[in-house]
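S.K.: can you look at this prediction? I've put the sequence above it.
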Amino acid sequence: MFGNKMETEAIPERVYALCKVVEKEAVQDSKVKERMEPSYLNQKSSYYSIYRNAAIELQLIVQIDNILSLAVDPSIVKDIDSMRYYINGQLNQFQEGYFYKVTKAYFALGESILHGEQNVANMTMVKEKTGLQLKADDMRAWRFWASYLGFGYMQDMFLIPNADVFLWDVICRAEFNKNQMYSITEFIDKIRPYANIIINPVDENRTFNYGVSNGLRTLQNTGYIKIEYGKDQANTWNLYRIEDLDLTGNEAITNITILK
């Protein structure tokens with residue numbers, strides 16, 4: 001799923017359900033398949049190997065001698081949100097994979113993604129940006145995981161870029177001190193390399209793209225962070241300008257404080 005092929009059958013819910021089957025004890029592969037896809041249903045197609053392989057790829061489970069067992073602490077699969085937090089910390093391992101490259105390109109396209117084709121399966125601009133031979137099913141599979149991992153919100157077949165959930169996961173992983181003011185440079189450095197998938201830390205324009213700006217604005221609006229601008233400070237980044245929307249009082253950012 002995160003390598004050179006994205007498959008619609010390997011949805012997050014199936015990967016999570018499989019992990020719960022082997023959460024407490026190792027189970028024979030054939031028995032796990034029977035629990036996930038009972039033979040009495042007489043299904044014409046089996047998707048089991050696809051989402052099992054996705055779970056292995058993410059190092060959530062391990063398969064040895066046709067026995068599956070959980071490869072992480074059970075707390076990782078306590079609930080589907082805990083699994084999301086874990087996976088968002090693993091994405092940097094897949095920089096050469098389709099999912100990483102498509103997500104990076106999607107955010108790099110900025111607000112232009114709002115114009116034109118609204119069905120992710122048919123977005124030629126993403127294919128052109130990545131240079132990958134993407135099929136419609138690749139993009140359909142991508143949208144399931146992009147939405148689940150917190151890169152945006154689905155509206156029919158279109159993903160509205162807003163990385164608030166993903167950003168909060170990486171902020172929590174970076175272990176910021178609550179109520180401590182960090183310079184914007186310190187903030188970016190602390191969330192690397194996890195956030196490199198959507199933030200270019202060496203951007204010459206020092207401007208957060210549309211989807212990241214939406215995420216930061218949302219986190220401030222919901223009381224998770226406080227965005228500040230100090231005129232006497234040298235290190236400055238800017239939020240992507242959105243007409244008639246400026247929740248910070250200024251689009252420039254010099255400091256961020258984590259409130260929760």
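M.R.: Nice, I can see it.

S.K.: going by C-alpha atoms from here, please, whenever you check contacts or count neighbours.
M.R.: Will do.

S.K.: please enumerate the strands of the chain.
M.R.: 27-28, 61-64, 67-70, 152-155, 158-161, 181-183, 225-228, 237-238, 252-253, 255-258 (DSSP state E).

S.K.: which one of those strands lies nearest to residue 125?
M.R.: Closest to residue 125 of the strands of the chain, according to CA to CA: strand 158-161, at 13.6 Å.

S.K.: mind giving me the packing neighbours of the closest one?
M.R.: strand 152-155, helix 210-221 (3 or more CA pairs under 8 Å, 6 or more residues apart in numbering; DSSP states H and E).

S.K.: kindly reformat those as TSV containing mean pLDDT.
M.R.: Output for the helices and strands packed on strand 158-161, formatted as TSV (pLDDT from 0 to 100):
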stretch	mean pLDDT
strand 152-155	97
helix 210-221	97
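
S.K.: nearest approach to residue 86 belongs to which of these?
M.R.: strand 152-155 (17.9 Å).

S.K.: sheet-wise, list the partners of the closest one with their directions.
M.R.: strand 158-161 (antiparallel) (DSSP bridges).

S.K.: number of nearby residues for the residue nearest to residue 196 when sequence neighbours are not counted?
M.R.: Ranked by CA to CA, 6 or more residues apart in numbering and with sequence neighbours excluded, the top spatial neighbour of residue 196 is residue 92, at 7.9 Å. Look at residue 92: counted by other CA atoms under 10 Å, it has 17 neighbours.

S.K.: residue 92 and residue 119, how far apart?
M.R.: Separation of residue 92 from residue 119 (CA to CA, to the nearest Å): 27 Å.

S.K.: same question, residue 240
M.R.: Distance from residue 240 to residue 119, counting by CA to CA: 24 Å.

S.K.: out of the two, which sits in the busier spot?
M.R.: residue 240 (18 against 15).

S.K.: wait, doesn't that one sit right on residue 208?
M.R.: Yes - using CA atoms under 8 Å, residue 240 makes contact with residue 208 at a distance of 5.8 Å.

S.K.: can you map out the helices along this structure?
M.R.: For the chain, the helices defined by DSSP state H cover 12-21, 29-36, 48-57, 80-88, 98-108, 124-130, 136-148, 164-173, 184-191, 210-221.

S.K.: mean neighbour count for these - can I get that in TSV?
M.R.: Shown next, in TSV, are the helices of the chain (neighbours: other CA atoms under 10 Å):
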stretch	mean neighbour count
helix 12-21	20
helix 29-36	15
helix 48-57	19
helix 80-88	18
helix 98-108	22
helix 124-130	16
helix 136-148	20
helix 164-173	20
helix 184-191	17
helix 210-221	22
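
S.K.: show me what contacts residue 8?
M.R.: 137-138, 140-142, 144 (CA atoms under 8 Å, 6 or more residues apart in numbering).

S.K.: who's sitting farthest from the centroid in this structure?
M.R.: residue 40 (36.0 Å; CA atoms, centre = their mean).

S.K.: what's the separation between it and residue 111?
M.R.: In terms of CA to CA, residue 40 sits 49 Å off from residue 111.

S.K.: hang on, the earlier thing: quick one, which of the helices and strands packed on strand 158-161 is nearest to residue 183?
M.R.: helix 210-221 (14.7 Å).

S.K.: output the contacting helices and strands for that closest one.
M.R.: Against helix 210-221 (3+ CA pairs under 8 Å, 6+ apart) you get helix 98-108, strand 158-161, helix 164-173, strand 225-228.

S.K.: outside of the second one, which residues touch it?
M.R.: When you say that, I think you mean strand 158-161. Residues from elsewhere that reach strand 158-161 (CA under 8 Å, 6+ apart): 107, 114, 118-120, 143, 147, 151-154, 210-212, 214.
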